[in-house]
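can't give you the sequence, but here's the structure:
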Ligand SMILES: Cc1cc2nc3c(=O)[nH]c(=O)nc-3n(C[C@H](O)[C@H](O)[C@H](O)COP(=O)(O)OP(=O)(O)OC[C@H]3O[C@@H](n4cnc5c(N)ncnc54)[C@H](O)[C@@H]3O)c2cc1C
Ligand code: HEM
Ligand code: SF4
Ligand code: F3S
Ligand code: FES
């Protein structure tokens, strides 16, 4: 007879953790996401070796509208992952900052918004302007 | 005020699968959640099983998942959680019955970090001297009551039941940073293993869950630093 | 069920410290990537802009060997960092030991292929020759 | 029902401070096979809640101190009922055991020199009663927690074998010897017979018989009940300590350390009323004195707003002292009362706290019967035992000393005994009576009958109203009758839970019946003792009566009633005097 453990995928998400929990989930998701993009990116760069025709042809893939939406996601992922990673690193190397985690998180979010929103704006308007 | 408790039930001798039961009754806002559970057990349904003892947050018996987050039932008042209260056993532990979980793996991990004072030098006639500052360095982690609220709130532990978990690291920290102890190297080599501190992803659920308000993530961070520093 | 011994053994003998090194590497590479990847991203996406990138952009760029070096470092650090990150994720979610080994193995092979392919093109790309 | 069998040399029942100390000493011998049985995980034991400190005349705080002074204070605190030979052993050995605890790693708070920090506590004085002295060694207000943790850690280090969540439900005492115990494995509902040469009871107190209590819900006096029903007497059961400062309505303890650090009791008029009752030690007089004073204030209508509580004012201590030396107390006030002790007074009322009486033993923890005869192989230590070092009233910090001093002595004595004794037969079906008793309870599951929780609630009320701080013949007679009625009803208890595993409905009912027996014995003994001494305060006999009552009571249930016997008090150094603070 196997006993239940009160643990399932649903419960994972239903645990009311703090911002730390949310940030970790995002860090993980963006890390993996950026890695997947990187894999794709290496493949297309590799195609350089087959000459400009193929490469330029494929580049339009990046310029398709759905790819431009993806670009905003990529911006989000890289910016968030970088900032959140930086926060973790800073805390790791001065543990006394752990006690101020909440303030560091607020700082992180503020900096994120300051960078991400204008950059995303530029990206979107540049794209719309080109259409 | 009228409260409704939604309680996780698992009665293996009666029914194979877990289910939820609801109980509504009148309670004071200043009652502890534990008082509500006792009321259920004593007057509404005697089959409810839960552990409890001291009733004031010292013995560590009644860590439960209350409204989605780990707390001691005897340290939260009803007014702090509202009139709809969901009570479940700790996550990632085998449930024995209702709210009672198997704590053996938890204590197994506790024992794995050599949680006892080690110093084979002959002691002085009187006490070993320790300055107020040296004593302060590990004060926070001496408070741990082994309630398991932290370890069972850690997603890294849910994913990896082998992870020693924050409570065991807290207990190890208490000795590693005790100026009188000589066993730090042994403990650090255990904590430096795969299932040790490196499984901690600084998620912080543990620190939020700790009823003794121990800065657990900070303590884990100090242990990580110590391992890295000792290697270089 | 009989009484348990409270005496606790060691989990395992002291290991190589691989996890400690991996931890430290994630931090160091993180800081490095903060420079390399972020600059790269903002340069390509804002300074130049995706619309303006084509074969010639790269040709121009790689004419300077320093840029090749830059991209090589970016490739190496990002892939090492990302692959180790992927290892963390897989170790968390793939519970069955056999499957875990298999999937990790496949991931490492793929990562290695990508790094080799990327390095190959960076080294061998001959703008004049095309 | 399946019954499992185990054989050991020594069995420790209870894993609080006293049980673990004995276990560590037994395990260190190497050649005595020992097991510890506990109905709770060891770290859940109530020793962990002890706050204020452990008394030892170390003289670390720049004040002179001597174990003889400690002894005098203890004798005086006990209202001269404590056995002075035993008190001498305890006070002389206490510095040694405190150092030993420190060497085991216990993280005491430190003074400027890096030595163990000490603070004042009620009734502890220098130079035979002259002025308060700093004698209580402490680890913030978590002293008991640290003792429990440290001893559990040492048990792990010494490879002690534990049976956690095994509740002992019967003792195999026959023919003047103890041959083992029968325990219920709570998780499975199966019975286990543990045969052994020597067994020590360390099951703690029974504060759950009262309504307002500082004691855990699991402190139900199992050990005392188990020996009593096997014909071993209990000593001095009429003496039960009410601690002056429990959180109003909840009973959660506010350590005497608050007053030790300078906290003051005030009535509705803001008056420091202890000045009237104990001009010399004031708020630091011994507990019986302070508890009575609070009751008198309440009766005179000077409780806060005329209600049944007074104020403990710690506001003059300052945030620094409260946060560093009394952090747990601050946390309790904030969590349960929603007040901040730094700026507001704490509402307190006396709370049932500590059993001075218990299983009679000698200074090695060996249990002695009604006529001084030893019960071979049976030992008792800690709060369930009566050595008697606390007499009619225990001084703060002396229980923790008692645990470790006599825990150690019993461990050593048992090891010695085991080497020479043989394992005695426990009969054909040692688990028989326990099995019948539990099966009878089980068979009531789901049927109509009395609710154990309701009976417990009424018992607590009766004990609070009739047998607490002030007692009279009338109150006690009434209490006795009510308890008798409750005992009768308890025979008709029906439980809800019919399952085997983790049936806490069953154990609750079993404990309720045990507590009623203890309540009966206690009330009977209180009625029997027609004087006032220490915690036993008879308004109809307000004076201490050394002529007739300078003796210990022994009480054993016999055919539905209680048989009473007496034993003399050991007086070696200090002749009884009037007790003023
Ligand atoms: C709130 C509070 C504060 C206190 N502060 C102080 C202080 O500052 N200084 C001081 O000196 N004293 C203090 N005391 C008193 C002192 O802490 C206790 O008297 C002492 O801890 C009792 O220890 P013990 O070893 O006898 O039993 P406990 O620690 O109570 O342990 C009892 C053990 O017996 C086990 N047990 C019980 N029944 C059974 C059974 N049927 N089968 C198996 N196992 C069983 C339990 O599981 C537990 O392990 C305080 C007490 C309280 C309540
Ligand atoms: C831009 C600068 C970057 C910084 C500062 C950074 C920082 C970090 C840090 C500190 C961690 C470790 C987290 C932990 O140990 O718990 C981490 C994990 C990770 N990183 Fe990065 N990183 C960066 C860029 C990248 C890039 C470019 C990728 C993709 C290729 C990536 C993929 C990952 C992955 C997959 C993880 C694992 C996540 C997890 O375990 O939850 N990172 N990063
Ligand atoms: S660290 Fe805190 S949450 Fe974790 S076991 Fe200890 S007291 Fe409980
Ligand atoms: S929740 Fe877990 S990941 Fe670390 S910070 Fe706490 S142990
Ligand atoms: S009952 Fe002891 S911590 Fe809640």
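That came through, no problem. Everything numeric in this text was worked out from a predicted model, so none of it was measured. Ligands and ions are numbered 1, 2, ... in the order given.

the longest helix in chain B is where?
helix B:216-231 (DSSP state H).

Could you list the buried residues of that one?
B:216-224, B:226-228 (16 or more other Cβ atoms under 10 Å in any protein chain shown). (Each C-beta comes from the backbone N, C-alpha and C, glycine too.)

what's the closest of those residues to residue B:58?
Comparing the buried residues of helix B:216-231 against residue B:58 with Cβ to Cβ places residue B:216 closest, at 18.3 Å.

so who does that closest one touch?
Neighbouring residues of residue B:216 by Cβ atoms under 8 Å, 6 or more residues apart in numbering or on different chains: B:150, B:166, B:169-170, B:206-207, B:210.

Could you tell me which of the residues you listed belong to helices?
Counting by DSSP H, the contacts of residue B:216 contribute B:166, B:169-170, B:206-207 to helices.

export the residues you listed to a markdown table and tack on distance to residue D:118?
Converted to a markdown table, the ones in helices among the contacts of residue B:216 look like this (distance: Cβ to Cβ, whole Å):
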| residue | distance to residue D:118 |
| --- | --- |
| B:166 | 34 |
| B:169 | 32 |
| B:170 | 28 |
| B:206 | 35 |
| B:207 | 33 |
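
State the pair within these that is farthest apart.
The most widely separated members of the ones in helices among the contacts of residue B:216, counting by Cβ to Cβ, are B:169 and B:207 (12.0 Å).

Any idea how many residues pack against the residue in chain B that ligand 2 sits nearest to?
With Cβ to the nearest ligand atom, the shortest gap between chain B and ligand 2 falls at residue B:201, namely 3.9 Å. Residue neighbour count, defined by other Cβ atoms under 10 Å in any protein chain shown, stands at 17 for residue B:201.

and it, what pLDDT?
Note on residue B:201: pLDDT of 94.

hang on, the earlier thing: can you pick out the residue with more neighbours from residue B:169 and residue B:207?
Shown here are residue B:169 and residue B:207; by other Cβ under 10 Å, residue B:169 has more neighbours (31 against 24).

Sticking with residue 70, tell me its helix or strand.
Let's take chain A. Residue A:70 belongs to helix A:65-93 when assigned by DSSP states H and E.

that's the wrong chain, I wanted chain D
Assigned by DSSP H and E, residue D:70 falls in helix D:67-77.

And the residue of chain C found nearest ligand 4, how close does it get to ligand 5?
Closest contact between chain C and ligand 4, by Cβ to the nearest ligand atom, is at residue C:92 (10.6 Å). As for residue C:92, its distance to ligand 5 is 31 Å (criterion: Cβ to the nearest ligand atom, to the nearest Å).

Same question for residue D:111.
Taking Cβ to the nearest ligand atom, one finds residue D:111 at 31 Å from ligand 5.

Check whether that residue really touches residue D:119, as I assumed.
No: using Cβ atoms under 8 Å, residue D:111 makes no contact with residue D:119, being 10.2 Å away.

Need phi/psi at residue D:272.
Note on residue D:272: its backbone torsions stand at phi -80, psi 80 [degrees, to the nearest 10].

Equivalent analysis for residue B:201, please.
According to degrees, to the nearest 10, residue B:201 has phi -110, psi 30.

list the contacts for residue 63?
Went with chain A since none was named. Residue A:63 neighbours (Cβ under 8 Å, 6+ apart): C:50-51.

my bad, the chain I had in mind was chain D
Shown in contact with residue D:63 (Cβ under 8 Å, 6+ apart): D:126, D:133-134.

From those, pick the one nearest chain C.
residue D:134 (36.1 Å; Cβ to the nearest Cβ).

so what's the backbone phi/psi at the closest one?
For residue D:134, the backbone dihedrals (degrees, to the nearest 10) come out as phi -90, psi 100.
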